[in-house]
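Asks: Build me a structure from this.
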Amino acid sequence: MAAATEGGAAARNVTLLGLAANLVLAAGKIAAGVVFFSQIILADGLHSLSDLVTDLAVLAGLQVSGKPADVHHHYGHRRVSTLVALFIGIALLVAAAYIVYSAIEAIHAQLDGRPKQAVRPLVPLIAALVSVVVKESLFRVTRAVGRRTGDRSLAANAWHHRSDTFTSIAAAAGLIAVLIGGADWWFLDPLTALVLSAFLMTVAIRIMKNSAAELIDQAPAATKMARIEEAVAETPGVQTYHGVRARQVGGKVEMDVHVQVDGQMSVRQGHDIASDVRRRIVEVDPSVAQAIVHVEPADG
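Replies: Numbers count the residues shown, from 1 in each chain. Next up is the predicted model:
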C-alpha cells in the first residue's frame, strides 16, 4: 500500500511539473511569435498550450484512478487511466494533423508568393531551443515514472511531451534556415514538420490501439501468460490447474485461475496453497495487481 501511495505521489508530482513547464513555455513562445512576427514559434506555442489540457486530464485521471473500490465501482477505478491515455492519443493525432495542415499551408503560401511580415528569428530560435531541452527532459522523467508505476496515461503523456520536442526542433530548423539562408531555404521548415508529424501519428495510433485493447479486455502477451502459468504449475501442493483468465487494466493485470489440490486437505491448507500461488504469480510478474485463485479438490 505504501509503494502504491508513493507511486501515485510521484505520478502527480511529475505531471504538475509538466503542467508548470508547459504554462511557461506556451506563454513565452506565443509572446515571441507575436512580438517577432514568427508564425513558426507561434504555432509551436499553441501546441505547448494544448499540452496543458492533457496535463490537466492526466491529473484528473490520477485523482480518480487511484481511488479504491467502492459500492458503485466494485473493481476500482483503474480504467480511468486507460480512458485518459485514449484521450491523449486522440489529442496527439489531432496535433499531428494540425502540423500537417500548417506545413502544407506554409508551402502553398510560399509558392503563391503571398506577402509575409519579415521574421526576426533570433529570440524565437532561443525560445525553440529552450523548449527542446525542457520538453525532452520532461519526456524522459515522465516516461520513467510511467514505467515504474505502470500507468498508461503517464506513458502517453510522456509522448505528448516529446511531440512538443519535435515541433520545437522543426521550428528551430526553420528559424536557423532564416538566419543562415534567408528566404531560399523556406522549404526546410514545412518539410521537417511533415516528416515529424508522420512519426507522431504512428505514436498516437499505437497509444490508441493499446488503450482500446484494454477497454475490450485483451489478454496480456503470450510470453507473460507463459511465465504466470509456469509459476502456478510449480507451486507446491498444486496438482493441476485450469481456467486461467487475465486482462489488462490501467497498465496492470487482473487474473483468476482454478487450481486443483488434494481433496483430503483441510480448508486452511487449501487457503495457504492459494496464497502461495498468488505470491509466486506476483514474484514472476509484478504488474499483476490482482490474482483470484479458486481451489478445487483434484478428485472432484
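Asks: got a list of what Arg280 touches?
Replies: Arg280 is in contact with Ala231, Val232, Glu234, Thr235, counting by Cβ atoms under 8 Å, 6 or more residues apart in numbering. The way it works is simple: take the backbone N, C-alpha and C, and place the C-beta from them, glycine included.
Asks: Quick check: the last one vs Ala128, distance?
Replies: Computed as Cβ to Cβ, to the nearest Å, the Thr235 to Ala128 distance reads 57 Å.
Asks: who's more crowded, those two?
Replies: Using other Cβ atoms under 10 Å, the more surrounded residue of Thr235 and Ala128 is Ala128, with 28 against 20.
Asks: next structured bit after the helix or strand hosting the more buried one?
Replies: Per DSSP states H and E, Ala128 falls inside helix 122-149. Downstream of helix 122-149, the first helix or strand assigned by DSSP H and E is helix 152-180.
Asks: got the buried residues for that next one?
Replies: By neighbour count with 16 or more other Cβ atoms under 10 Å, helix 152-180 contains the buried residues 152-178.
Asks: Repeat that for stretch 259-278.
Replies: Under 16+ other Cβ under 10 Å, the buried positions of stretch 259-278 are Val259, Gln260, Val261, Met265, Gly270, Ile273, Ala274, Asp276, Val277, Arg278.
Asks: among the contacts of Arg280, which are in strands?
Replies: Using DSSP state E, no member of the contacts of Arg280 falls within strands.
Asks: What ranges in this structure fall below the confidence cut-off?
Replies: 1-7, 39, 114-119, 182-184, 186, 188-189, 192-193, 196, 300 (pLDDT under 70).
Asks: Can you show me the strands along it?
Replies: Counting by DSSP E, the strands of the chain are 240-249, 252-261, 288-297.
Asks: Looking at these, which one is packed in the most?
Replies: Of all those, strand 252-261 carries the top mean neighbour count, a mean of 20, counting by mean count of other Cβ atoms under 10 Å.
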